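Novice: take a look and give me a structure for this.
(chains A and B)
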Amino acid sequence: MANADSHSTDALHMAADWFVHLNSGSADSRDWQDFRDWLTSDPTHRRAWQRIQTIQNRFTQLPKALSKPALDREQENDKAGVGKLLSLLLVVGFALWFALPAQFPRTDYVTVKGEIRTVELADGTDLTLNTDTNIAVDYGLFKRTIRLRTGEILIETAPDTALFKRDFVVETPYGRITALGTRFNVRLLDGASHVAVYEGRVAIAPDHRTDQKRILETGESTEFDKQRIQSTSMASSDAVAWTRGMFIANDMSLCHFVAELARYRDGIIHCPTRLANMHISGAFPLKEPERVLKAIRLSLPVQIETRADGSVLLKPGS
Amino acid sequence: MAKSLTGTTWQALYNDHHLWLLGWLRQRLGCAWEAADLTQDTFVRVISRDDPNQIREPRAYLLTIARGLLVNHVRRKDLERAYLDALARLPASLAPDTETAAIWLETLLEIDAMLDGLPARVRRAFLLSQLDGLTYAQIAVQLDVSVSSVKQYMRKALMHCLQTAA
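Specialist: Next comes the predicted model:
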């Protein structure tokens, strides 16, 4: 018992170190990767991090325009001399101020493998984070930005209530997607971002080519990297079944299927190419990848070998 | 109609001192209603916490508790006032409904209680990071300290919050 306690205390101290580092402004993608590895390596780490997130979340629950003057008020008293000038500026700036939107502190949200979570942002926008996802939410004066570092999110934007409308932008490593009042899904693939629009429209802009821009309408989807946008295809509603904890396959290649499954489960799943021409259909629970593997074994002529490290090998069988 | 010994003692404690405490609080608050509330709160605190037979100096003891409550009360009022000021200055398009305004105030009080007891500099560094999203380099410039001090402040503030928010 004492051991378990000291273990979780250690985890809390490590989590605090991560918190201090990730908030510094100098953490890079390598650090985030290390953090993710740390987070997933032990459930105790996850619990420790959740405690820290609870603290952080409190700050994001009310607009900065309120929390800032109320909590930082001691500081304001120090500046008595500046007071007069400030109130003068206040009068001048008042008309402008009326048009300004609410700013909220920047926050990071992280899910681990197998976790699916919905967060409601301060302006009413709903974000659903799929497995193994890492985002930063930054509501600034002129822009509402979601930075997708890893994983997948479904976004349902709320209209900006301020008179002065801010853009809603998802930044990915390959380029940005600007929402035009909408519900859409963004997923990071190896080397590209995938976007599907379910309501409204979005504008896509790859990072390195300003001339390459495209508007995606309801029901459309596409992929893009830093250089170019692929041709537009249909957005399948099955593709966002993950928000309800399900995965839907329609005559999907077995290897493609297990690659999707592997996103929700620790450990690699090997699928030899000679199994690629087997196909599978159905609705599967994402929370129980082991049951899904069992279902594969029962419905297809394959054998499934699970190794001690959690990795799985699929083999042809009867 | 036999009263328990404890009951009698509590009664005696209340009878002997509550008017005196009320007077003391009213002088400091300048408001009879608030003073009465805090007087009741003080006695409730005492009853739920201690064995009356152990109290040697009842008035000194009551004052210790009342002072603590008074400080919290005044802090809360200051915070509420600052909040209402900020609320009044909010653009009309952002003005929350009454319920949201009340929830926001509660959240604010929670955050304030969580930060209570931190040195001013540490508190400020933490707020600049968590509310303004400044980098440590920027905070270091604002507070005129080194980046490594900012790191220490951040860790200290976080550990403090984890303790007080538990």
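Novice: helices along chain A, start to end?
Specialist: Using DSSP state H, the helices of chain A run over residues A:2-22, A:29-40, A:43-60, A:64-71, A:73-78, A:83-97, A:254-262, A:289-299.
Novice: need those in TSV (columns: mean pLDDT and distance to chain B).
Specialist: C-beta coordinates here come from the backbone N, C-alpha and C atoms, glycine included. Shown next, in TSV, are the helices of chain A (pLDDT from 0 to 100; distance: least, CB to the nearest CB, whole Å):
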stretch	mean pLDDT	distance to chain B
helix A:2-22	86	5
helix A:29-40	87	14
helix A:43-60	88	5
helix A:64-71	83	4
helix A:73-78	50	5
helix A:83-97	47	6
helix A:254-262	90	35
helix A:289-299	84	33
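Novice: including mean neighbour count, could those go into TSV?
Specialist: Listed next are the helices of chain A as TSV, based on neighbours: other CB atoms under 10 Å in any protein chain shown:
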stretch	mean neighbour count
helix A:2-22	15
helix A:29-40	15
helix A:43-60	17
helix A:64-71	22
helix A:73-78	12
helix A:83-97	10
helix A:254-262	19
helix A:289-299	15
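Novice: same list, the ones you listed, but as a markdown table with distance to A:Ala205 please.
Specialist: As requested, the helices of chain A are exported to a markdown table (distance: least, CB to CB, whole Å):
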| stretch | distance to A:Ala205 |
| --- | --- |
| helix A:2-22 | 27 |
| helix A:29-40 | 21 |
| helix A:43-60 | 27 |
| helix A:64-71 | 28 |
| helix A:73-78 | 40 |
| helix A:83-97 | 29 |
| helix A:254-262 | 28 |
| helix A:289-299 | 36 |
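Novice: which stretches of the stretch 51-200 of chain A aren't confidently modelled?
Specialist: The stretch 51-200 of chain A contains residues with pLDDT under 70 at A:73-104, A:160-165.
Novice: residue of chain A nearest chain B, please.
Specialist: A:Gly25 (2.5 Å; CB to the nearest CB).
Novice: let me know which of the helices of chain A is the nearest to B:Leu108.
Specialist: Among these, helix A:64-71 comes nearest to B:Leu108, with 5.5 Å by CB to CB.
Novice: how distant is that closest one from the center of its chain?
Specialist: Counting by CA atoms, centre = their mean, to the nearest Å, helix A:64-71 is centred 27 Å from the centre of its parent chain.
Novice: give me the residues contacting that helix.
Specialist: With contacts defined as CB atoms under 8 Å, 6 or more residues apart in numbering or on different chains, helix A:64-71 is touched by A:59, A:76, A:102-105, B:79, B:82-83, B:85-87, B:89-90, B:94, B:104, B:108, B:111-112, B:115, B:127, B:131-132.
Novice: so which of the residues you listed sit within helices?
Specialist: When DSSP H defines the helices, the subset of the contacts of helix A:64-71 inside them is A:59, A:76, B:79, B:82-83, B:85-87, B:89, B:104, B:108, B:111-112, B:115, B:127.
Novice: and the two most separated of those?
Specialist: B:Arg89 and B:Leu115 (22.7 Å).
Novice: quick one: which of these two has more around it?
Specialist: B:Leu115 (18 against 13; other CB atoms under 10 Å in any protein chain shown).
Novice: surely that one is in contact with B:Ala125?
Specialist: No: contact criterion CB atoms under 8 Å: B:Leu115 and B:Ala125 do not qualify, at 11.4 Å.
Novice: for A:Leu188, which of the helices of chain A is the nearest?
Specialist: Taking the helices of chain A one by one with CB to CB, helix A:29-40 is closest: 11.8 Å.
Novice: please export the C-alpha coordinates of the closest one as PDB.
Specialist: The C-alpha coordinates for helix A:29-40 follow below in PDB (Å, rounded to 0.1, in the frame of the first residue of the first chain):
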ATOM      1  CA  SER A  29       7.000  17.900 -31.300                       C
ATOM      2  CA  ARG A  30       9.700  15.600 -30.100                       C
ATOM      3  CA  ASP A  31       8.800  16.600 -26.500                       C
ATOM      4  CA  TRP A  32       5.100  16.000 -27.200                       C
ATOM      5  CA  GLN A  33       6.000  12.600 -28.500                       C
ATOM      6  CA  ASP A  34       8.000  11.800 -25.400                       C
ATOM      7  CA  PHE A  35       5.200  13.100 -23.200                       C
ATOM      8  CA  ARG A  36       2.700  10.800 -25.000                       C
ATOM      9  CA  ASP A  37       5.000   7.800 -24.500                       C
ATOM     10  CA  TRP A  38       5.300   8.700 -20.800                       C
ATOM     11  CA  LEU A  39       1.500   9.100 -20.500                       C
ATOM     12  CA  THR A  40       0.700   5.800 -22.100                       C
END
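Novice: pretty sure A:Thr54 contacts B:Leu158?
Specialist: No: counting by CB under 8 Å, A:Thr54 does not reach B:Leu158; the two are 11.6 Å apart.
Novice: count of residues packed around B:Leu84?
Specialist: By other CB under 10 Å, the residues close to B:Leu84 number 14.
Novice: ranges for the helices of chain B?
Specialist: Using DSSP H, the helices of chain B run over residues B:5-29, B:32-49, B:58-89, B:98-115, B:120-130, B:136-143, B:147-164.
Novice: so how do I select the buried members of the ones in helices among the contacts of helix A:64-71 in ChimeraX?
Specialist: Restricted to buried positions by 16 or more other CB atoms under 10 Å in any protein chain shown, the ChimeraX selection for those reads:
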select /A:59 /B:79,82,83,86,87,104,108,111,112,115,127
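Novice: among the ones in helices among the contacts of helix A:64-71, find me the one that's closest to A:Arg209.
Specialist: Relative to A:Arg209, the closest of those is A:Phe59; by CB to CB it sits at 37.6 Å.
Novice: what's the closest non-adjacent residue to A:Gln61?
Specialist: Leaving aside its sequence neighbours, A:Gln61 sits nearest to B:Thr107 (CB to CB, 6 or more residues apart in numbering or on different chains; 5.0 Å).
Novice: now do the contacts for that neighbour.
Specialist: So B:Thr107 contacts A:Arg58, A:Gln61, A:Leu62 (CB under 8 Å, 6+ apart).
Novice: who's the nearest residue to A:Arg36 once chain neighbours are set aside bridged to?
Specialist: Distances taken as CB to CB, 6+ apart place A:Asn134 nearest to A:Arg36, at 6.6 Å, with adjacent residues excluded. Applying DSSP bridges to A:Asn134 gives these bridge partners: A:Val110, A:Thr150.
Novice: ok, the spatially most central residue of chain B to B:Ala32 distance?
Specialist: In chain B, the residue lying closest to the centroid (CA atoms, centre = their mean) is B:Asn72, at 3.2 Å. As judged by CB to CB, to the nearest Å, B:Asn72 and B:Ala32 stand 19 Å apart.
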